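K.L.:
What follows is a predicted protein model with its sequence.
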Amino acid sequence: MKNYILSLVFLLISSLSSRAQWTTGGNDIFNSNAGNVGIGTSTPGAPLQISSVMIPGSVKELLRLEQRGNGGNELGGEGAAISFYTPMNPSPDLLGAQIYSFRDNGINASPTTSLHFLTNNAGTLSDRLVISGTGNVGIGTTDNSNWTLAGSTYKLAIGGSVIATGITVKATGSWPDFVFKKDYKLPPLSSVKAFIERNHHLPQVPSEPEISDAGLDLGKMNRLLMQKMEEMTLYMIQAHEKISLLEKQVRYLKRKNK
């Protein structure tokens, strides 16, 4: 009987000690313990660690952030966020960065949701990267002139400069080696000259207003540049053959007149 009473006392003390770590204040509940919290692990290595045994070949949900509906008043713009605060002295701390979802429409049955990455630059909070519900990505822009992120045919838009050690453009369409085929009709230089005088740009090459309005398609432009280079090579070969023929005629006339 004595052992039974001692066990009850121990359990009561343990329960009180455990409850003492949690404090309520209004609608809030918090833990004053300075240690780490582990879910699925007894040795958490961070203030909060969620651990679960993997299921081979599958993705397992470990954390869910949810904004529940309130009876059909979803208007668009609702979402859930993860916020990162920057310590300030004096307080309060300031929002330094945020990852949040954003409902792009108010249709409850089939919502379109985008994912936004926001940062704080010297006190200015702005979206830096956006992934639309259709999978399009905007870096530094969500609407670049007439470029609308969700409905665009472009998968990536960047509102600024880009630097890289290499870029590969997977061009579609035939490469202009057809210029060197026997049946290719090389435009006469006289017609090229007339076109330039009339339009102020090369045939088939976009004009300055077209480039300003629609931008530059790197794959298409590289094909056009290669085509013009190959045509130029043929013009040079023709010119070389004519010059060689003229040189032979000059040498013949010189020998004849000696």
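P.N.:
Looks like it arrived, so ask away. Numbering: from 1, shown residues only.
K.L.:
What residues does R103 make contact with?
P.N.:
With contacts defined as Cβ atoms under 8 Å, 6 or more residues apart in numbering, the neighbours of R103 are 74, 76-79, 111-113. Placement of C-beta: from N, CA and C, glycine included.
K.L.:
wait, what's in contact with the residue nearest to L129 when sequence neighbours are not counted?
P.N.:
Nearest non-adjacent residue to L129, counting by Cβ to Cβ, 6 or more residues apart in numbering: F117, 4.2 Å away. When the contact criterion is Cβ under 8 Å, 6+ apart, the partners of F117 are 97-99, 127-130.
K.L.:
secondary structure class for F117?
P.N.:
When states are read from DSSP: H, G, I helix; E, B strand; the rest coil, the local structure at F117 comes out as strand.
K.L.:
Look up which residues are beta-bridged to it.
P.N.:
In this structure, F117 bridges to I99, L129 when assessed by DSSP bridges.
K.L.:
where do the strands sit along the stretch 101-250 of the chain?
P.N.:
When secondary structure is read from DSSP state E, counting those that start in this stretch, the stretch 101-250 of the chain shows strands at 113-121, 124-131, 137-139, 143-144, 147-148, 156-158.
K.L.:
Same list (those) but as JSON lines, adding distance to N33 and mean pLDDT.
P.N.:
Formatted as JSON lines, these follow (distance: least, Cβ to Cβ, whole Å; pLDDT from 0 to 100):
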{"stretch": "strand 113-121", "distance to N33": "30", "mean pLDDT": "91"}
{"stretch": "strand 124-131", "distance to N33": "33", "mean pLDDT": "90"}
{"stretch": "strand 137-139", "distance to N33": "41", "mean pLDDT": "88"}
{"stretch": "strand 143-144", "distance to N33": "47", "mean pLDDT": "54"}
{"stretch": "strand 147-148", "distance to N33": "49", "mean pLDDT": "55"}
{"stretch": "strand 156-158", "distance to N33": "46", "mean pLDDT": "85"}
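K.L.:
and among the ones you listed, the most buried is which?
P.N.:
Each of the strands of the stretch 101-250 of the chain was scored by mean neighbour count; the highest is strand 137-139, a mean of 19, by mean count of other Cβ atoms under 10 Å.
K.L.:
so how far is that one off the chain centroid?
P.N.:
Between the mean C-alpha location of strand 137-139 and the chain-wide mean there is a distance of 4 Å, by Cα atoms, centre = their mean, to the nearest Å.
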